[in-house]
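**Q** sequence first, predicted model second:
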Amino acid sequence: MGNAAEKARVFLELVKFEHSIFALPYAYIGALYGVGEGWPSWQSLLWITVVMVGARAFAFVVNRAADKEIDARNPRTAERAIPAGLIKAWELWLFSAVMLAAYLYGVWQLDPIARLLWPIPLAAFVIYPYTKRFTPLCHYWLGLCLGLAPVGGWVAVGGPIGDPAPWVLGVAVMLWTAGFDIIYATQDIECDRRDGVHSMPADYGVAAALLQTRVAHAATVLLLAVGGFLAGAGWPYFVGVAIAAVQLGYENLIIGPSDLSRVNAAFFTVNGIIAIVVFMGAVADRLTA
């Protein structure tokens with residue numbers, strides 16, 4: 001039992017299950033507004049959750065496997081499960097197969113259009129770890145992966161794919177993600193430059209990279225508001241966006257070129273709260289409609 005519990009802990013650390021808090025609330029927001037009148041069914045929300053968690057876990061396995069050698073040379077990441085040898089190859093790929101199966105099964109429980117679009121998120125996830133080998137725009141590709149969440153939630157409940165609202169929300173999530181991923185990348189500048197890994201901080205310096213984050217996050221707030229307007233959101237949603245704007249301001253305030261000591265607080269804690277706040281604003285909007 002102890003070995004099984006330890007192995008489970010290793011897998012949860014491998015896929016950073018807690019990071020689901022970044023994208024999952026936006027998938028729910030897409031579903032809340034994509035359904036039109038009323039509420040999404042509990043079955044739809046359940047399968048959206050299965051799809052999101054399955055796809056994300058599969059993506060993390062691919063990412064960690066692709067970056068095994070890079071992670072092994074970086075003191076910050078050398079103790080991760082794969083470079084540290086805590087997981088056997090067959091365990092890794094069996095786990096990824098189970099997560100992929102969960103994703104595909106969940107897709108088939110949702111609106112029929114989801115069954116046509118399922119390869120798109122997987123392709124984006126598989127490509128992502130290789131983008132950092134070629135371009136500092138890798139942060140925006142990661143943002144694209146998470147930005148599919150509100151679009152996916154929207155179409156999963158039958159929302160029209162041609163409606164601009166979920167796409168605007170998706171771009172907002174893309175820019176938000178790219179911005180905080182740039183902050184995260186400031187931890188690895190020396191290793192990235194040594195290994196030829198591209199990132200905005202490594203390629204252009206911390207000051208220019210953090211300025212880019214501030215611009216991206218300002219655009220995030222604007223697009224969250226525009227997306228909500230296009231979706232027909234009421235005032236509680238915009239209160240959530242306003243609170244998120246304050247939190248984004250705080251996130252960018254506590255990080256600077258001369259002080260990177262609070263990167264983890266800016267990356268995980270604040271951004272996790274931002275996603276929940278915007279989601280709660282959407283829920284309050286539907287409750288008061």
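**A** All right, it came through fine. Values in this document were obtained by computation on a predicted structure and should not be read as measured data.
**Q** could you say what helices and strands whichever helix or strand F279 is part of packs with?
**A** Using DSSP states H and E, F279 sits in helix 271-288. For helix 271-288, the contact count by 3 or more Cβ pairs under 8 Å, 6 or more residues apart in numbering; DSSP states H and E identifies helix 20-34, helix 164-185, helix 235-253 as packing neighbours. From N, CA and C alone the C-beta is placed, and that goes for glycine too.
**Q** need the strands for this protein, in chain order.
**A** Assigned by DSSP state E, the strands in the chain number zero.
**Q** what stretches of it score poorly on pLDDT?
**A** Scanning the chain for pLDDT under 70 picks out the ranges 1-20, 81, 84, 89, 265-268.
**Q** thought V35 was touching G158?
**A** Yes. If you go by Cβ atoms under 8 Å, V35 and G158 touch, sitting 7.0 Å apart.
**Q** quick check: the gap between V226 and V171.
**A** 9 Å (Cβ to Cβ, to the nearest Å).
**Q** equivalent analysis for H217, please.
**A** 13 Å.
**Q** just Y105 next, same as before
**A** 29 Å.
**Q** neighbour-wise, which of the two wins?
**A** Neighbour count, other Cβ atoms under 10 Å: between Y105 and V171, V171 has more, with 21 against 13.
**Q** now the more buried one. Nearest residue, chain neighbours left out?
**A** The shortest distance from V171 to any non-neighbouring residue, by Cβ to Cβ, 6 or more residues apart in numbering, is to L223 (5.5 Å).
**Q** who are the neighbours in contact with that neighbour?
**A** 168-169, 171-172, 175 (Cβ atoms under 8 Å, 6 or more residues apart in numbering).
**Q** would you format those as JSON lines with distance to L117 included?
**A** Listed next are the contacts of L223 as JSON lines, based on distance: Cβ to Cβ, whole Å:
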{"residue": "V168", "distance to L117": "18"}
{"residue": "L169", "distance to L117": "17"}
{"residue": "V171", "distance to L117": "18"}
{"residue": "A172", "distance to L117": "20"}
{"residue": "L175", "distance to L117": "22"}
